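1. I would like to see how this sequence folds:
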Amino acid sequence: MSRSLKSRLGALEQSTGRRDVQPSAHEESVQRHTLQSLGFTYEDMGEGSFWHRMLSYDVLSLYGQVRFQDIQTTDLSLLAKACKLPAADVEANLRFYDTETTGLGTGAGTFPFLHAVGQIEDDEWVIHQYFVDDFAEEPALLSAIVRRHFRDGGVCITFNGKSFDWPLFLNRLVMYRIERPEQVRQMDLLHPSRRLWRRKLQRVSLGHVEEGIMGVRRTDDLPGREAPARYFSYLQDQDVEKIRPVLDHNAADVSALLGLSVVLADVLGGHRDVATAGEYAALGKWRDEWEDYDLADKCWRSATQCPDATWREFWLSSLRYKRLREWDKACAVWEHMAAEFTWSTNPLIELAKYYEHRAKDFSKALAYAQVALQRARSHSTMSTDQAVVAAVEHRIHRIQRRLDQSSANEAQ
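-> Residues are numbered from 1 along each chain as shown. Prediction:
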């Protein structure tokens, strides 16, 4: 009779002298006490055990210049629109979610060892942290997160979570055949932050936005890139001091998500001042998308009047006026650009187009096209520049023919 797999494995262990050593009751108690010293409890919801802790703060507490309770009174409807969500979806059931992982991918090789969910509970801001101390505990931990925080849908607010944290979380659920939560809408704050502040900040990371926009400067904060090494080192020796900074960093990130939500909502709603051309241009683009053209016009005018306004703000503003067929305003911007940016051919070409096709003033169209040709030739160093030269030359020949024809018609 063939031996069972269990008996064969036992024979293999005997031949190699290897025995699986189970931790003693004392060792398990020491391990649990180590995490308990950080406020964790070892919980079981009927599907296995896992580590969980709660950090609670009064809603009147400040994070930077924002009180946690501000999230309950701030109008988030425009922030929802900026994140491509229906405004009605953000009225309640907000969950602020962040993870710490062993890598930057979303596949099976990247392991999220720490999950944090922040939410308002009664009169407190509560951060729930779920820590994977043993890989075998992960299924029960993931199931608890779904049942406690995402079973009823709601809005999951993250920073780059739409493309990283949340897909990674869902992939882990699929791996363990845990039912995925339905109707959870994603509000990723990275995208509106990048649109508003990519010129103002060196990098649009959560830390840079905190410091540069929210006025929060963390002290003794662990860089997120060091979290994986800290976690693996902790698993080796159970030294709680190695993982404590990772937990603190993660909790601060979740609180920052709440604060940033309030700041973004206030900026979009006009309740928080902005000062740079890039910010005004971003607001103008949003208002145009929402067909709020009066406010969009104010934003674009402010953008071009800012001391740090660049060619880009003027150009986008002119194209907006062109799209709306506000030709007087478009021409005024192009004429300003032609005088201010003496290397640029685009505004001169647009003026030549306008006077040729709209105003039918061929003399002016020819004059602008000729200046554009001079600039294009003086800056012609690449094949694309040569193409511009050829296109402007073709335009000049056409305008000249039309001007000659117009003169001949007048003579008759």
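2. From now on I want contacts and neighbour counts done on CA atoms only, so please keep to that.
-> Fine.
3. For the stretch 151-300 of the chain, which segments count as strands?
-> All strands of the stretch 151-300 of the chain, identified by DSSP state E, counting those that start in this stretch, fall at 154-158, 184-188.
4. Deepest in the core, which of those strands is it.
-> Neighbour counts (mean count of other Cα atoms under 10 Å) averaged over each of those peak at strand 154-158, with a mean of 24.
5. picking up where we left off before, what would the strands of the stretch 151-300 of the chain look like in CSV with mean pLDDT?
-> Shown next, in CSV, are the strands of the stretch 151-300 of the chain (pLDDT from 0 to 100):
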stretch, mean pLDDT
strand 154-158, 95
strand 184-188, 94
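6. could these go into CSV alongside distance to A391?
-> Converted to CSV, the strands of the stretch 151-300 of the chain look like this (distance: least, Cα to Cα, whole Å):
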stretch, distance to A391
strand 154-158, 47
strand 184-188, 43
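7. okay but R272 is in contact with E279, surely?
-> No: counting by Cα atoms under 8 Å, R272 does not reach E279; the two are 11.6 Å apart.
8. Can you pick out the residue with more neighbours from these two?
-> A direct count of neighbours by other Cα atoms under 10 Å for R272 and E279 places E279 higher, at 22 against 11.
9. close enough to count as contact, that one and W197?
-> Yes: here E279 lies in contact with W197, judged by Cα under 8 Å, at a distance of 6.5 Å.
10. okay, and the common contacts of these two?
-> Common contact partners of E279 and W197 (Cα atoms under 8 Å, 6 or more residues apart in numbering): none.
11. rewinding a little: and the strands of the stretch 151-300 of the chain: which comes nearest E241?
-> Closest to E241 of the strands of the stretch 151-300 of the chain is strand 154-158 (Cα to Cα; 27.2 Å).
12. tell me what that closest one is packed against?
-> strand 94-101, strand 184-188 (3 or more Cα pairs under 8 Å, 6 or more residues apart in numbering; DSSP states H and E).
13. Can I get the longest one as PDB, trimmed to CA atoms?
-> Only the C-alpha atoms of strand 94-101 are listed here, as PDB (Å, rounded to 0.1, in the frame of the first residue of the first chain):
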ATOM      1  CA  LEU A  94     -16.400  58.500   4.200                       C
ATOM      2  CA  ARG A  95     -13.400  56.200   4.800                       C
ATOM      3  CA  PHE A  96      -9.800  57.400   4.600                       C
ATOM      4  CA  TYR A  97      -7.600  54.500   3.600                       C
ATOM      5  CA  ASP A  98      -3.800  54.000   3.400                       C
ATOM      6  CA  THR A  99      -1.400  51.100   3.400                       C
ATOM      7  CA  GLU A 100       2.200  50.300   4.000                       C
ATOM      8  CA  THR A 101       3.600  47.600   1.700                       C
END
